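Chemist: Predicted model, plus sequence, below.
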Amino acid sequence: MQYIKIARVDDFKGARFRKFKVLARNVAIFREPDGSFFATEISCKHQNWDLTTGKFDGDCVTCPRHGWKYNVKTGECLNHDSTPLRRYGLKVEEGVIFITTTPAEG
(Lines give C-alpha, C1' and ligand atoms only; values in the text may rest on other atoms or scores of the structure.)
Protein backbone atom coordinates (compact mmCIF):
# COMPACT_ATOMS: atom_id res chain seq x y z
CA MET A 1 0.00 0.00 0.00
CA GLN A 2 1.32 3.40 -0.92
CA TYR A 3 0.85 6.21 1.63
CA ILE A 4 1.06 9.95 1.10
CA LYS A 5 1.51 12.76 3.60
CA ILE A 6 -1.82 14.56 3.92
CA ALA A 7 -1.81 16.66 7.11
CA ARG A 8 -0.41 17.17 10.57
CA VAL A 9 -2.14 16.22 13.80
CA ASP A 10 -1.90 19.89 14.83
CA ASP A 11 -4.08 20.82 11.83
CA PHE A 12 -7.05 19.32 13.70
CA LYS A 13 -6.97 21.50 16.81
CA GLY A 14 -10.57 22.61 17.23
CA ALA A 15 -11.73 20.65 14.17
CA ARG A 16 -13.39 17.25 13.96
CA PHE A 17 -12.59 16.77 10.28
CA ARG A 18 -10.82 18.23 7.27
CA LYS A 19 -11.46 17.53 3.60
CA PHE A 20 -8.77 16.81 1.00
CA LYS A 21 -8.51 15.83 -2.68
CA VAL A 22 -6.70 12.54 -3.23
CA LEU A 23 -6.32 11.62 -6.90
CA ALA A 24 -9.43 13.71 -7.72
CA ARG A 25 -11.50 12.06 -4.95
CA ASN A 26 -12.96 13.91 -1.97
CA VAL A 27 -11.57 12.31 1.20
CA ALA A 28 -12.09 13.45 4.77
CA ILE A 29 -9.88 12.77 7.76
CA PHE A 30 -11.87 12.59 11.01
CA ARG A 31 -10.48 13.03 14.50
CA GLU A 32 -12.04 10.83 17.16
CA PRO A 33 -12.62 12.01 20.76
CA ASP A 34 -9.73 9.76 21.88
CA GLY A 35 -7.35 11.53 19.45
CA SER A 36 -7.22 8.75 16.85
CA PHE A 37 -8.03 9.37 13.19
CA PHE A 38 -9.77 7.65 10.29
CA ALA A 39 -10.15 8.50 6.60
CA THR A 40 -13.15 7.94 4.35
CA GLU A 41 -14.37 9.11 0.97
CA ILE A 42 -16.82 11.95 1.48
CA SER A 43 -18.86 12.12 -1.72
CA CYS A 44 -22.47 10.90 -1.74
CA LYS A 45 -22.94 7.76 -3.81
CA HIS A 46 -26.16 9.19 -5.28
CA GLN A 47 -24.83 12.18 -7.19
CA ASN A 48 -21.28 12.60 -5.87
CA TRP A 49 -22.27 15.56 -3.68
CA ASP A 50 -19.76 16.79 -1.07
CA LEU A 51 -21.03 15.36 2.22
CA THR A 52 -19.00 17.82 4.30
CA THR A 53 -21.65 20.40 3.34
CA GLY A 54 -24.31 18.22 4.99
CA LYS A 55 -25.71 18.09 8.50
CA PHE A 56 -23.70 16.01 10.96
CA ASP A 57 -25.17 14.21 13.96
CA GLY A 58 -22.36 12.34 15.67
CA ASP A 59 -20.86 9.92 13.14
CA CYS A 60 -23.82 10.35 10.75
CA VAL A 61 -24.14 12.90 7.98
CA THR A 62 -27.14 13.74 5.80
CA CYS A 63 -26.46 14.77 2.22
CA PRO A 64 -28.04 18.20 1.65
CA ARG A 65 -28.91 17.32 -1.95
CA HIS A 66 -31.43 14.48 -1.53
CA GLY A 67 -31.22 13.37 2.10
CA TRP A 68 -29.11 10.22 1.84
CA LYS A 69 -27.66 9.43 5.27
CA TYR A 70 -24.27 7.87 5.92
CA ASN A 71 -22.31 6.72 8.91
CA VAL A 72 -18.90 8.18 8.10
CA LYS A 73 -17.13 5.78 10.45
CA THR A 74 -18.49 2.59 8.85
CA GLY A 75 -19.34 4.04 5.42
CA GLU A 76 -22.82 2.49 5.57
CA CYS A 77 -25.70 4.28 3.84
CA LEU A 78 -28.46 4.28 6.44
CA ASN A 79 -31.56 4.97 4.36
CA HIS A 80 -30.88 3.57 0.87
CA ASP A 81 -29.57 0.37 -0.63
CA SER A 82 -26.26 1.89 -1.67
CA THR A 83 -22.65 0.84 -1.79
CA PRO A 84 -20.84 2.15 1.28
CA LEU A 85 -18.41 5.02 1.39
CA ARG A 86 -14.92 3.60 0.99
CA ARG A 87 -12.36 3.79 3.79
CA TYR A 88 -8.72 4.71 3.33
CA GLY A 89 -5.77 3.34 5.22
CA LEU A 90 -4.29 5.87 7.65
CA LYS A 91 -1.24 6.03 9.86
CA VAL A 92 0.26 8.71 12.10
CA GLU A 93 4.01 9.03 12.47
CA GLU A 94 5.64 11.74 14.58
CA GLY A 95 2.60 14.01 14.32
CA VAL A 96 2.19 13.59 10.57
CA ILE A 97 -0.92 11.93 9.07
CA PHE A 98 -0.48 9.66 6.05
CA ILE A 99 -3.26 8.01 4.05
CA THR A 100 -3.30 5.46 1.28
CA THR A 101 -3.63 6.72 -2.28
CA THR A 102 -6.45 4.26 -2.96
CA PRO A 103 -9.30 2.99 -0.77
CA ALA A 104 -8.57 0.04 1.51
CA GLU A 105 -9.98 -3.34 0.59
CA GLY A 106 -12.85 -4.74 2.67
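Modeler: Yep, that arrived.
Chemist: Can you get me a residue count around K5?
Modeler: By the criterion of other C-beta atoms under 10 Å, K5 has 10 neighbours. For glycine as for every other residue, the C-beta is placed from the backbone atoms N, C-alpha and C.
Chemist: residues contacting it?
Modeler: Contacts of K5 were listed using C-beta atoms under 8 Å, 6 or more residues apart in numbering, and they are V96, I97, F98.
Chemist: again with I4
Modeler: Neighbour list for I4: V22, F98, I99, T100, T101 [criterion: C-beta under 8 Å, 6+ apart].
Chemist: repeat for H66
Modeler: Contact analysis of H66 by C-beta under 8 Å, 6+ apart lists C44, H46, Q47.
Chemist: Buried ones only from these, please, as a PyMOL command.
Modeler: Buried subset of the contacts of H66, written as a PyMOL selection, criterion 16 or more other C-beta atoms under 10 Å:
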select buried, resi 44
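Chemist: okay if I get the contacts of H66 as CSV plus distance to G89 and pLDDT?
Modeler: Shown next, in CSV, are the contacts of H66 (distance: C-beta to C-beta, whole Å; pLDDT from 0 to 100):
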residue, distance to G89, pLDDT
C44, 22, 95
H46, 26, 92
Q47, 27, 92
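Chemist: Just name the closest of the contacts of H66 to C63, please.
Modeler: Minimum distance to C63 across the contacts of H66 is 4.3 Å, recorded for C44 (C-beta to C-beta).
Chemist: Torsion angles phi and psi at the residue nearest to T53 when sequence neighbours are not counted?
Modeler: Leaving aside its chain neighbours, T53 sits nearest to P64 (5.6 Å; criterion: C-beta to C-beta, 6 or more residues apart in numbering). When read as degrees, to the nearest 10, the backbone of P64 gives phi -70, psi -10.
Chemist: returning to that earlier point: among the contacts of I4, which one lies nearest to A39?
Modeler: Using C-beta to C-beta, I99 is the member of those that sits closest to A39, with 4.7 Å.
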